[in-house]
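Engineer: Sequence and predicted model, in that order:
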Amino acid sequence: IRLVQMNATDCFLLEALFRNEVWGHINLPVSEMNERNACTSMSGGARAAFDALGGDDAITSADEEIATIGTQALELGAELPISDLRRLTASFARRSEALSLRACVVYFDTYAETLGDVEYYQERRLRGLNLIDDDGKPMTFDEMLSEGWKE
């Protein structure tokens, strides 16, 4: 998703990348705009799929189906016809899918709120070159000389 959401100044990263190196760069946050777009895309897609399933009603109806079949199983001494077992399996699958999609929406919406605290490519790169200190402040030329140039 980060690769798909690259635009504007983020695209310069692609210039020096080879096919076998791109995943190492894209595996970590690129820029705040790129990360926000990726979160919006993932959250929106998961929300659309969750809503298409029926949203919270899908979870409730699956829970009701599971409870109904479970009650029937107790009444029948746990010997359910194959059609009921299939309905039970389908209900568990629908419930799991809806819960997973809802969790995905919550995760990306929550993560999007923390993007100001995330370290992005430029900061990682500058830190790796010892051009910024641990607080993210640019080092002066004198500070670089006094600490010695680290590689």
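Structural biologist: Structure received.

Engineer: Looking at the helix or strand harbouring R127 now, give me its mean pLDDT.
Structural biologist: Assigned by DSSP states H and E, R127 belongs to helix 121-128. For helix 121-128, mean pLDDT rounds to 83.

Engineer: I'd like the next helix or strand past it.
Structural biologist: Counting by DSSP H and E, what follows helix 121-128 is helix 141-147.

Engineer: just how off-centre is that next one within its chain?
Structural biologist: 40 Å (CA atoms, centre = their mean, to the nearest Å).

Engineer: now do stretch 65-84
Structural biologist: Worked out by CA atoms, centre = their mean, stretch 65-84 lies 37 Å from the chain centre.

Engineer: list the buried ones in that stretch?
Structural biologist: If you call a residue buried by 16 or more other CB atoms under 10 Å, then stretch 65-84 has these buried ones: E65, I66, I69, L80. The C-beta positions use only the backbone N, C-alpha and C, and glycine is treated the same way.

Engineer: got it, and stretch 45-62?
Structural biologist: A46, R47, F50, L53, A58, I59, A62.
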